[in-house]
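>>> here is a sequence with its predicted model. Questions after.
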Amino acid sequence: MGTAVDAANKVVNESLLSEKKVTVIFVLGGPGSGKGTQCANIVENYGYTHLSAGDLLRAEIKSGSENGTMIQNMIKEGKIVPSEVTIKLLQRAIQETGNDKFLIDGFPRNEENRAAFESVTGIVPEFVLFFDCPEEEMERRLLSRNQGRDDDNIETIRKRFNVYMESSLPVIEYYNAKGKVRKIDAVKPVEEVFEDVKAVFIPLHEKVVDSFGRIL
Ligand SMILES: Nc1ncnc2c1ncn2[C@@H]1O[C@H](COP(=O)(O)OP(=O)(O)O)[C@@H](O)[C@H]1O
Ligand SMILES: Nc1ccn([C@@H]2O[C@H](COP(=O)(O)OP(=O)(O)O)[C@@H](O)[C@H]2O)c(=O)n1
Ligand SMILES: [Mg+2]
């Protein structure tokens, strides 16, 4: 049961979100597991808005915000930025779009992220799409990503893997215990991984039509 403050926050945020029912899917998996790549495919096929927590943080650095230096240092060290910063960016992005369904990629990355998002927004994810990939494959992909990222070097990558094992996997376990994890074998080629992703999304989006052609 949440506290009175949690309940009050939830009411405020529900009204901020115009009491519209917002559908959220968390997209999780280690660094380099293919979250961003598959989110782009899902957006194209199923009309979700993709919100990458890492992209929002990098945009915040570029915008010259007062938090920029702190965020830049944490990313370089592979550390997780305090929830209040990331959640504000996610909330703003959710409110800016006209859409009502979102893929939230790379968030929550630790227990603090998870609990704060739930109490601040009142949003519970439909499910968690989890890209499961061995570390050596993720390392190979990150080292050849070539997006000019400060954190795609072997020293930071090792730190990110440690943070993933210690802080992010427990969040996936938390949702797994609630039956909310849809696990995808992410080591296969992009197209094959997307076939498995589609198998998760098709049942959500297929229309059931009766014998008169009416959508039920
Ligand atoms: N299934 C795959 N097989 C091989 N390379 C992949 C696959 N999925 C993504 N990649 C590549 O690996 C790198 C990391 O992918 P990305 O989607 O950025 O992962 P994440 O967002 O989980 O860090 C990118 O260069 C991407 O093109
Ligand atoms: N919820 C989040 C997500 C990312 N980040 C930071 O942003 C970095 C890059 O995240 P990302 O999701 O873009 O990285 P990938 O998993 O896509 O490689 C992380 O290593 C963290 O330093 C964070 O602090 N909190
Ligand atoms: Mg990514």
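Now that the structure is in, tell me what you want to look at. Numbering: from 1, shown residues only. Ligands and ions are numbered 1, 2, ... in the order given.

>>> can you give me the helices for the protein?
Listed in chain order, the helices of the chain (DSSP state H) span residues 4-16, 35-46, 53-62, 68-76, 83-96, 111-121, 135-143, 154-163, 169-177, 190-205.

>>> what's the last one in contact with?
Helix 190-205 has contacts (CB atoms under 8 Å, 6 or more residues apart in numbering) with 34, 37-38, 41-42, 45-46, 127, 129, 131, 182, 184-186, 188. Using the backbone N, CA and C atoms, a C-beta is placed for each residue, glycine as well.

>>> highest neighbour count among the residues you listed?
For the contacts of helix 190-205, neighbours were counted by other CB atoms under 10 Å; the highest total belongs to residue 186, with 26 neighbours.

>>> was I right to think that one contacts residue 36?
No: the pair formed by residue 186 and residue 36 falls short of the contact definition of CB atoms under 8 Å, at 12.0 Å.

>>> quickly list what the one residue sitting closest to the centre of the chain is bridged to.
Using CA atoms, centre = their mean, the residue of the chain that lies closest to the mean C-alpha position is residue 105, 2.2 Å off. Listed beta-bridge partners, residue 105: residue 27, residue 52 (assigned using DSSP bridges).

>>> ok, it - contacts?
Applying CB under 8 Å, 6+ apart, the residues contacting residue 105 are 27, 35, 36, 39, 50, 51, 52, 53, 54.

>>> go on, residue 176?
No residues are in contact with residue 176 under the rule CB under 8 Å, 6+ apart.
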